[in-house]
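In: what shape does this take:
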Amino acid sequence: MKVIFGVDAITRPLTGIGRYAWELAKRLPAADDIQEVSFFTYGKFLTHEELLCVGDDSSRTPAHLRWDLISALRRRLARSSIASWAYGKVLPALGRVRLRSHADYLFHSPSFLLPCHDGPSVSTIHDLSVFCFPQWHPQTRVRRMNKEIEQTLKKASHLITDSEIVRQEIVKLFLWPAGKVTAVPLGINSTFFPRGPSETTPILRSFGLMPGAYALCVATIEPRKNIEQLISAFETLPLSLRQSYPLVLVGDIGWNSEGIHKRIDEAQRRGWLKYLGYVREVFLPALYSGCRAFLYPSLYEGFGLPLLESMACGAPVLTSNCSSMPEVVGNVGILVDPRDILSISNGIERILTDETWRSRAVALGIERARPMTWDVSARKTVEVYRRVWDGRRLPD
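Out: Below is the predicted model of the structure:
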């Protein structure tokens, strides 16, 4: 097989879809079943070496600085209506010209939308929140996705999802053939494993934390992540519990987050919440390992990667009883109704105080997370490629 892998989503800092795309891009050239991999972004091809530096959060070389500048420029242009128009008109036309001579390649877009490509095409649809819950997204994103998803579905030979629940949603919402969509779970890399106090304490101290003395949530600060409900539920806990295990929020500023930040600021002033903002991935294993509990009562997820990362690091988890989250944690975590403050509050109190349940949950979580790696995810993705490749229409 010859593969073109789209890397538009790979921008620094790596989060969400960018992380997914980079982890696959890093592994695809080593796949035995692939003869050649090319990387395509914004109408041009990149070498594998040009991509490798992006995921190294610990370095600041000229190549890293160049990616940082490109990423910042893309984010700025995305807020401009003129730039968005140009993106929708000029870049697809440029991509069509560049891809015209690559019809004998399979194209994989890891980020929803497909360019015009005459060969077989695969798209990863991470979640359907923009279609099912448009109020959680900027209207420019909603309009663009509703306009372009129809074209992607016409072009796609096969779809990939992060979870079985999203696979079923696609079949139902888009009337898509069930045999042409495959769930491939996300993974984690080898840096996510339990660390003891001697290893975590120096890192935690730099954030003003101590091992075992805080509850943690890692999520972009935006409506879908349900941070306001989490704060409200935490506020109902006994003061002694909030003081012993304050809530620590880690995550970049997202869309429509002004009201959420007001709640965060108020709780910080009262002393039982600490907001760290965006934290580089290199520090996350220590934060996960050191927390008393990991709290993730999101309203909707295509997967919920922080759940997997935290379980791998030995944190007991609380999450929502809807969407993909029960699929990720199985019988390991406490499941709550994310729209019910009392349900969240009762779950938090139990996860912080029930020692018998906690001990069992830690062991089961580590065991559940162990086989779910990016290597496995990449292998299963290549298996999808093979099925599409073998089923493609060959020229007469």
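In: the helices in the stretch 201-350 of the chain, which residues?
Out: Secondary structure of the stretch 201-350 of the chain (DSSP state H, counting those that start in this stretch): helices at 227-235, 239-244, 258-269, 284-290, 305-312, 325-329, 341-353.
In: between those, which one is nearest to residue 172?
Out: Closest to residue 172 of these is helix 325-329 (Cβ to Cβ; 16.4 Å). C-beta coordinates here come from the backbone N, C-alpha and C atoms, glycine included.
In: and the closest one, what does it pack against?
Out: Packing contacts for helix 325-329, counted by 3 or more Cβ pairs under 8 Å, 6 or more residues apart in numbering; DSSP states H and E, involve helix 305-312, strand 317-320, strand 334-336.
In: could you identify which of the helices of the stretch 201-350 of the chain is most buried?
Out: helix 305-312 (a mean of 26; mean count of other Cβ atoms under 10 Å).
In: just how off-centre is that one within its chain?
Out: Averaging C-alpha positions (Cα atoms, centre = their mean, to the nearest Å) puts helix 305-312 11 Å from its chain's average.
In: ok, the residue nearest to residue 289 when sequence neighbours are not counted - contacts?
Out: Distances taken as Cβ to Cβ, 6 or more residues apart in numbering put residue 195 closest to residue 289, at 4.0 Å, once the chain neighbours are dropped. The neighbours of residue 195, taking Cβ atoms under 8 Å, 6 or more residues apart in numbering as the test, are 285-286, 289-290, 313.
In: mind putting the helices of the stretch 201-350 of the chain in JSON lines, mean pLDDT and distance to residue 385 included?
Out: Output for the helices of the stretch 201-350 of the chain, formatted as JSON lines (pLDDT from 0 to 100; distance: least, Cβ to Cβ, whole Å):
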{"stretch": "helix 227-235", "mean pLDDT": "98", "distance to residue 385": "38"}
{"stretch": "helix 239-244", "mean pLDDT": "96", "distance to residue 385": "50"}
{"stretch": "helix 258-269", "mean pLDDT": "97", "distance to residue 385": "40"}
{"stretch": "helix 284-290", "mean pLDDT": "98", "distance to residue 385": "30"}
{"stretch": "helix 305-312", "mean pLDDT": "98", "distance to residue 385": "22"}
{"stretch": "helix 325-329", "mean pLDDT": "98", "distance to residue 385": "24"}
{"stretch": "helix 341-353", "mean pLDDT": "98", "distance to residue 385": "40"}
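In: possible to save those as a markdown table with distance to residue 201?
Out: Supplementary listing: the helices of the stretch 201-350 of the chain in a markdown table, determined by distance: least, Cβ to Cβ, whole Å:
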| stretch | distance to residue 201 |
| --- | --- |
| helix 227-235 | 25 |
| helix 239-244 | 18 |
| helix 258-269 | 23 |
| helix 284-290 | 8 |
| helix 305-312 | 19 |
| helix 325-329 | 28 |
| helix 341-353 | 21 |
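In: residue 368 is nearest to which of these?
Out: Closest approach to residue 368 among the helices of the stretch 201-350 of the chain is made by helix 305-312 (6.0 Å; Cβ to Cβ).
In: where do the strands sit along the chain?
Out: Ranges of strands in the chain, per DSSP state E, are 2-6, 36-41, 44-46, 106-109, 121-124, 158-161, 181-183, 215-218, 247-250, 273-277, 293-296, 317-320, 334-336.
In: select, out of the ones you listed, the one closest to residue 365.
Out: Nearest of those (Cβ to Cβ): strand 317-320, 6.4 Å.
In: and the closest one, what's its mean pLDDT?
Out: Here strand 317-320 scores 98 as its mean pLDDT.
In: what does it rub up against?
Out: Taking Cβ under 8 Å, 6+ apart as the rule, strand 317-320 contacts 226, 293-299, 301, 304, 307, 310-311, 325-326, 328-329, 332-338, 344, 347-348, 351, 361, 365.
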